[in-house]
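Asks: Kindly generate the corresponding structure for this input.
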Amino acid sequence: MVKYQEPPGVEYQPGVDAHGEPVAPADINGGYNIKLPETIVIPIELFLQDKYHIPANSVLWAGKAEIGTVTVHGDRVYFNGQELSDPEEAALADLCRQQLPYK
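Replies: All right, here's what the predicted structure looks like:
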């Protein structure tokens, strides 16, 4: 996985739309301050009734198979504990990004 780099000119600007025109703020009553957890765990599951068209009255109805777990910790992503990013791939992406006409 390569870390997302926001292209120039697309950053969020409160109170302004994509064309630079003023808009009403989206946060009603001051909005909410949500603190995300340091680590996010996402189970990847396969529901057997969907894959194999199991009828609702079957004893297998609630069957599911756990394929793995995606874990996001900071800007690192793991699948079953193995990091999905490759340092060399990230370095190559940085070099390519440096060659782009916009910076």
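
Asks: Report the separation between the residue nearest to the spatial centre of the chain and V41.
Replies: Residue closest to the average C-alpha location in the chain (C-alpha atoms, centre = their mean): V72, at 8.8 Å. To V41, V72 is 8 Å away according to C-beta to C-beta, to the nearest Å. Where you see a C-beta, it was placed from the backbone N, CA and C, and this is true even at glycine.

Asks: Give the closest residue to L48 in space, chain neighbours not counted.
Replies: G63 (4.1 Å; C-beta to C-beta, 6 or more residues apart in numbering).

Asks: Looks like the one you found contacts K51 (just checking).
Replies: No. Using C-beta atoms under 8 Å, G63 makes no contact with K51, being 9.7 Å away.

Asks: These two: which has the busier surroundings?
Replies: G63 (14 against 11; other C-beta atoms under 10 Å).

Asks: so is the residue of the chain most remote from its centre in a helix, a strand, or just coil?
Replies: Residue farthest from the centre of the chain, counting by C-alpha atoms, centre = their mean, is N57 at 35.7 Å. Taking DSSP: H, G, I helix; E, B strand; the rest coil as the rule, one finds N57 in the coil state.

Asks: go on, the one 10 residues further on?
Replies: In three-state terms, and counting by three-state DSSP, I67 is strand.

Asks: mind listing what it touches?
Replies: Applying C-beta atoms under 8 Å, 6 or more residues apart in numbering to I67 gives the contacts I44, E45, L46.
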